[in-house]
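Visitor: attaching a predicted model along with its sequence, questions to come.
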Amino acid sequence: MEALLTRDFPRPFLAASVLPAAIFIAVPAAAQSIARPDTWTLTPFLTSSMGAEHPAPKDSFGLGLGVGYDWTSNLGFEGEFSHLFDIAGNSADVDWSVTNFSANGIYHFNAKHVTPYATLGLGFEVSDKGDDDDVSSTEMAINFGGGVKYAINNRWTVRGDLRRVEAFDLAPDYWRIYGGMTFRLGQ
């Protein structure tokens, strides 16, 4: 935890919390979120890391899956799995994968046409640098960020997301961007 506080963590966290507040203030009251109360969703997504920090030298593409539940039209929860294939880049010597498991709270803002949201989560990050046990680890990680959702029809929604992932020790910290298609189960 000490390593987390000594880095420039507070500035991105502050920016991630101020931006959703500014959006919330600017949104007209008559607009509605596309989230439906008591509804389960499934979101497969493509993802990429950006700005990976030491010890991760490169960015990577990956896959993920989120399972969500909307309690109200504004508040929801999402369990998520994502996997980055190789943050070591095109190195023949190392294949370095990163896998995240997280539980995230989601706040959907009321807006016309698209629904912006903010998210904050806690989970585990598994960093595996192949044969190098000194850099491989499993540790706690937090994530925060937001995105937008756009409904195509009653069942399908397009979703874009940007989050900061901060691990507590050896695993890399990075920005994660993703695009996915959300399928509404039931209703």
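Guide: It's in.
Visitor: assign the residue most central in space within the chain to helix, strand or coil.
Guide: By C-alpha atoms, centre = their mean, the mean C-alpha position of the chain lies nearest to R163, the distance being 4.6 Å. For R163, the secondary structure call by DSSP: H, G, I helix; E, B strand; the rest coil comes out as strand.
Visitor: quick one: contacts for it?
Guide: Residues counted as contacts of R163 (C-beta atoms under 8 Å, 6 or more residues apart in numbering) are 119, 143-146, 175-176. Bear in mind the C-beta positions are built from the backbone N, C-alpha and C, glycine included.
Visitor: so which residues of this structure form helices?
Guide: Per DSSP state H, the chain carries helices over the ranges 2-6, 10-26.
Visitor: lowest average pLDDT across these?
Guide: The weakest mean pLDDT among the helices of the chain belongs to helix 2-6, with a mean of 43.
Visitor: kindly check the end-to-end length of stretch 105-114 for me.
Guide: Stretch 105-114 has an end-to-end distance of 19 Å (criterion: C-alpha to C-alpha, to the nearest Å).
Visitor: list the beta-bridge partners for the residue nearest to the centre of the chain.
Guide: G145, R176 (DSSP bridges).
Visitor: change the start of the numbering to 583 and stick with it
Guide: Yep, numbering from 583; the last one is R745 now.
Visitor: show the pLDDT at it.
Guide: With respect to pLDDT, R745 has a value of 95.
Visitor: please report how far it lies from D755.
Guide: Note on R745: its distance to D755, by C-beta to C-beta, to the nearest Å, is 11 Å.
Visitor: N686 now?
Guide: In terms of C-beta to C-beta, N686 sits 17 Å off from D755.
Visitor: what sits against the closest residue to S684 other than its chain neighbours?
Guide: Distances taken as C-beta to C-beta, 6 or more residues apart in numbering put G705 closest to S684, at 2.9 Å, once the chain neighbours are dropped. Neighbouring residues of G705 by C-beta under 8 Å, 6+ apart: 662, 682-685, 722-725.
Visitor: of all those, which two lie farthest apart?
Guide: E662 and M722 (15.0 Å; C-beta to C-beta).
Visitor: these two: which has the busier surroundings?
Guide: E662 (23 against 15; other C-beta atoms under 10 Å).
Visitor: wait, the more buried one sits on G687?
Guide: No - here E662 lies out of contact with G687, judged by C-beta atoms under 8 Å, at a distance of 11.7 Å.
Visitor: anything in contact with each of these two?
Guide: G703.
Visitor: between the contacts of G705, which is nearest R741?
Guide: Closest to R741, out of all of these and judged by C-beta to C-beta, is E662, at 12.1 Å.
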